[in-house]
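> Based on what follows, work out the 3D shape:
(chains A and B)
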2 protein chains.
Amino acid sequence: MSLLHTLEVDLGERAYPIQIGTGLLGDADLIGPHLHGASALVVSNSTVAPLYLDALEQSLVARDIRHDRVILDDGEAHKTLAAVETIVDALLERRHDRRTTVIALGGGVIGDIAGFAASVYQRGVNYIQLPTTLLSQVDSSVGGKTGVNHPRGKNMIGAFYQPQCVIADIATLDTLPDRELSAGLAEVIKYGLIRDADFFAWLETHIAGLVARDPALLAEAVLVSCRTKARVVEFDERESGLRAILNLGHTFGHAIETLMGYGNWLHGEAVAAGMVMAIDLSIREGLIDEAVRERSVALLEQAGLPTAPPAAIGVDQYLDVMAVDKKAIDGAIRLVLLRALGDAFVSTDYDPANLHQTLTTN
Amino acid sequence: MSLLHTLEVDLGERAYPIQIGTGLLGDADLIGPHLHGASALVVSNSTVAPLYLDALEQSLVARDIRHDRVILDDGEAHKTLAAVETIVDALLERRHDRRTTVIALGGGVIGDIAGFAASVYQRGVNYIQLPTTLLSQVDSSVGGKTGVNHPRGKNMIGAFYQPQCVIADIATLDTLPDRELSAGLAEVIKYGLIRDADFFAWLETHIAGLVARDPALLAEAVLVSCRTKARVVEFDERESGLRAILNLGHTFGHAIETLMGYGNWLHGEAVAAGMVMAIDLSIREGLIDEAVRERSVALLEQAGLPTAPPAAIGVDQYLDVMAVDKKAIDGAIRLVLLRALGDAFVSTDYDPANLHQTLTTN
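Residues are numbered from 1 along each chain as shown, chains lettered A, B, ... in the order given. I've put the predicted structure just below:
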């Protein structure tokens, strides 16, 4: 066991630490101080539970915490209100009081469901996140977005709710499929693009080691990604302004995911292609030059990611889906653009003809 | 139309006004400034909508707000997660974006459901409360408690969520059944008992006028009740301490409601009997004298309320239900007691034999 980094997310009375290292799941001293009641409920899925639930439950036993578990089916298709009801049912059936803790052990889907369930159970109980994918370690660990999907749209039902703590155990990435590791790297690269040119250069240097799952490099990448996201979220917790830059590539990406059918493109893969589209539009707007595209495409390719959307999607399809995206305000499509590598901003003030070109060409 | 009082609930960035008067529902200038987007969804029930929906919708039309409606069946039995889903479905079907406003037109049940739906739709949209019962005007208007019931317990799923504004139209109380008016007066009397001996004395003077629905007296009672609750909630928004005194009589009351079957006793009726039980226990603990009981029983009786629980309930039944009440912490039953008329506090430090006596005698 080795704790490598601790990062404090500073949200006033909702502040919490992110602890990053290897072999942390079995460390009772790490999770212990964040368990306030006598009980806990672990939420996991059928893929992750067989690998890591034992280690976690041993640390709960060591702290004398009565614990129950809900094991959901794996996959975005199960991120529904019905899953939240299953968790609430279990909490009530086992008489968990308002001092209980809900512990999410899994990727972003588990974190989103369990966090939302924790936010609504008795109007809010403690919540601890143990993300076991690179995507969830760098993305869902910070920001407090929880929620579930509705047949008419992703993440349409949810809450902003902060955990007591996040423990990112890099060792859990050893069992992650290659494609999911790459999908996580898409979000890591995003932090370089939107806020941190130095980090982008660091990624260019170390991308081979990251793909080879060097634990120290991965821990560093998780730390910098979480720190960047934390600084943005601290500034704008409820997403009224700056926070929207975290969505670089996401409006395009969501459209790709929707139009290709959920599950055919991983979220990170769609975001990778979407980021190249955002860069393309930024170039057409005269904001940045070709070099940004070349470096971005090269890095994404080395990370094992797509750099263009599927050819099958037409302009009208894109526009139709993008217009109902949650990020639309009274009809206008807000997009994140770059004014330099490491400097993103939100705009509705772009030439629609350029957007049309981007959607046609890519 | 006549606006009589405005009270600011001071919760920092979540501050909002409560506007109290007669004939306010049709006043477009009152609701207008709190509608931020281009659309709104009115949530009401089949009893209230025929009486007041027209006036409200006229004021929305006057402000050029596109509006939809969800009319739920009347009653606590419909305060379920399914009702929340109905509202979310309607919002998505009509493509309401995150700048929409959910407007609750009805009593506490409608406010609790609509507020919770507003809190989870796209992780939170604007919410306006138009309470049409005395209970909801003095109780649900302040505090931000929203939520729905679960077969295993009341209000087990919900959120703390503040409205943009509350408009309490006293004229809507004209159509309230006598029994519901009395149930609302139980909560009004509670504010006197827990924090304000002068207000209690004012109620003793004016109880006949209140029962006769004098609008100026009712508006004054709503103002003082909301102000008292606001001061308590401002001090302790998330119910970690002081706020619990608002539950005077409620732990006993919930037990009565549960054991008698929901709907047989109104919430306010059960609270009235529960407050007398809390006073009884406070007397047994040597905290207050008989005079408090005599005045309270007299006032509650004049308000048309019960002052003793049903004889059919046994001590073991009470204890079993009270132990799983949401207000239990790691097993101990927290109760609100009086150390004087107008001075309540929360205690687990009472003699169990006295509690036993209270449950036996009453």
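> Please point out which parts of the lengthiest helix in chain A sit buried.
Looking across chain A with DSSP state H, the single longest helix is helix A:215-235. Buried residues in helix A:215-235, counting neighbours by 16 or more other C-beta atoms under 10 Å in any protein chain shown, are found at A:215, A:217-230, A:232-233. C-beta here means a position set from N, CA and C on the backbone, and glycine is covered the same way.
> number of nearby residues for the closest residue to residue A:348 other than its chain neighbours?
In space, and not counting its chain neighbours, residue A:348 is closest to residue A:332: 4.5 Å by C-beta to C-beta, 6 or more residues apart in numbering or on different chains. For residue A:332, the number of neighbouring residues by other C-beta atoms under 10 Å in any protein chain shown comes to 11.
> quick one: pLDDT of the nearest residue to residue A:56 once chain neighbours are set aside?
The shortest distance from residue A:56 to any residue that is not its chain neighbour, by C-beta to C-beta, 6+ apart, is 5.2 Å, and that residue is residue A:25. What the model reports for residue A:25 is a pLDDT of 93.
> for residue A:326, same thing?
Reported pLDDT for residue A:326: 53.
> same deal with residue A:233?
Turning to residue A:233, the model gives it a pLDDT of 86.
> Same question for the one 5 residues further on.
Residue A:238 is assigned a predicted lDDT (pLDDT) of 66.
> do the same with residue A:330
According to the model, residue A:330 scores 52 on pLDDT.
> With residue A:225 instead?
Residue-level confidence at residue A:225 comes out at 97, pLDDT.
> what's the answer for the one 4 residues further on, then?
The pLDDT attached to residue A:229 in the predicted structure is 93.
> For it, list the residues it contacts.
Contact partners of residue A:229, counting by C-beta atoms under 8 Å, 6 or more residues apart in numbering or on different chains, are A:138, A:139, A:141, A:142, A:143, A:191, A:246.
> Next, the fifth one: phi, psi?
For residue A:143, the backbone dihedrals (degrees, to the nearest 10) come out as phi 120, psi -20.
> so where's chain A uncertain?
In the predicted model of chain A, residues A:1, A:237-240, A:262, A:324-331, A:362 satisfy pLDDT under 70.
> can you tell me the helix or strand for the nearest residue to residue A:154 once chain neighbours are set aside?
Take residue A:154 and drop its neighbours on the chain: the residue closest to it by C-beta to C-beta, 6+ apart is residue A:254, 6.9 Å away. Residue A:254 belongs to helix A:250-260 when assigned by DSSP states H and E.
> Please export the C-alpha coordinates of that helix as PDB.
What follows is helix A:250-260 as a C-alpha-only set of coordinates in PDB (Å, rounded to 0.1, in the frame of the first residue of the first chain):
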ATOM      1  CA  HIS A 250     -18.600  16.900 -25.200                       C
ATOM      2  CA  THR A 251     -21.400  18.500 -27.200                       C
ATOM      3  CA  PHE A 252     -20.000  16.900 -30.400                       C
ATOM      4  CA  GLY A 253     -19.200  13.700 -28.500                       C
ATOM      5  CA  HIS A 254     -22.700  13.400 -27.000                       C
ATOM      6  CA  ALA A 255     -24.100  13.700 -30.500                       C
ATOM      7  CA  ILE A 256     -21.800  10.900 -31.700                       C
ATOM      8  CA  GLU A 257     -22.800   8.700 -28.800                       C
ATOM      9  CA  THR A 258     -26.500   9.400 -29.400                       C
ATOM     10  CA  LEU A 259     -26.400   8.900 -33.100                       C
ATOM     11  CA  MET A 260     -24.300   5.800 -33.100                       C
END
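> Packing partners of it?
If you count contacts as 3 or more C-beta pairs under 8 Å, 6 or more residues apart in numbering or on different chains; DSSP states H and E, helix A:250-260 packs onto helix A:267-284, helix A:315-323, strand A:335-340.
> Run the angle between it and helix A:267-284 for me.
Compare the direction of helix A:250-260 with that of helix A:267-284 by axes from the mean of the first three to the mean of the last three C-alpha atoms, to 10 degrees and you get 130 degrees.
> just the angle between helix A:250-260 and strand A:335-340, please?
Orientation check (the same axes, to 10 degrees): helix A:250-260 against strand A:335-340 gives 130 degrees.
> for chain B, what are the nearby residues on the stretch 151-300 of chain A?
Residues of the stretch 151-300 of chain A lying near chain B by C-beta under 8 Å from any C-beta of the partner chain: A:152, A:153, A:155, A:156, A:157, A:158, A:159, A:160, A:238.
> Tell me where the stretch 101-250 of chain A has strands.
Along the stretch 101-250 of chain A, the segments classed as strands by DSSP state E, counting those that start in this stretch run A:101-106, A:126-131, A:145-150, A:153-160, A:165-169.
> counting contacts, what elements does the longest one pack onto?
Judged by 3+ C-beta pairs under 8 Å, 6+ apart, the packing partners of strand A:153-160 are helix A:108-120, strand A:145-150, helix B:81-93, helix B:108-120.
> Put together CSV for these, with mean neighbour count and distance to residue A:60 on each row.
As requested, those are exported to CSV (neighbours: other C-beta atoms under 10 Å in any protein chain shown; distance: least, C-beta to C-beta, whole Å):
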stretch, mean neighbour count, distance to residue A:60
helix A:108-120, 28, 15
strand A:145-150, 23, 22
helix B:81-93, 19, 29
helix B:108-120, 28, 29
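> Can you tell me which of the strands of the stretch 101-250 of chain A is most buried?
strand A:101-106 (a mean of 28; mean count of other C-beta atoms under 10 Å in any protein chain shown).
> Could you spell out the sheet neighbours of it, each with its direction?
Partners of strand A:101-106 in the sheet, by DSSP bridges, are strand A:39-45 (parallel), strand A:126-131 (parallel).
> if we can go back for a sec, between the contacts of residue A:229, which is closest to residue A:31?
When those are ranked by distance to residue A:31 (C-beta to C-beta), residue A:141 comes first, at 14.9 Å.
> which residues sit in contact with the closest residue to the closest one other than its chain neighbours?
Distances taken as C-beta to C-beta, 6+ apart place residue A:166 nearest to residue A:141, at 4.4 Å, with adjacent residues excluded. Remark: with contacts taken as C-beta under 8 Å, 6+ apart, residue A:166 is in contact with A:16, A:17, A:18, A:19, A:128, A:129, A:130, A:131, A:141, A:142.
> follow-up on the earlier one: from the contacts of residue A:229, which single one is nearest residue B:177?
So of the contacts of residue A:229, ranked by how close each gets to residue B:177 (C-beta to C-beta), first place is residue A:143, at 47.4 Å.
> Count the neighbours of the closest one for me.
For residue A:143, the count of nearby residues is 20 (other C-beta under 10 Å).
> what about it, distance to chain B?
Here residue A:143 is placed at a distance of 11 Å from chain B (C-beta to the nearest C-beta, to the nearest Å).
> One more: residue A:180?
In this structure, residue A:180 and chain B are separated by 25 Å, where distance is defined by C-beta to the nearest C-beta.
> looking at it, that residue is touching residue A:135, isn't it?
Yes: with contacts counted by C-beta atoms under 8 Å, residue A:180 reaches residue A:135, the gap being 7.1 Å.
> Next, show the common contact partners of these two.
A:107, A:268.
> Which one of these two is surrounded by more residues?
Residue environment comparison for residue A:180 versus residue A:135 gives the larger neighbour count to residue A:135, 25 against 19, counting by other C-beta under 10 Å.
> Once you drop chain neighbours, what's closest to that one?
With sequence-adjacent residues excluded and distances taken as C-beta to C-beta, 6+ apart, residue A:135 is closest to residue A:184, at 4.1 Å.
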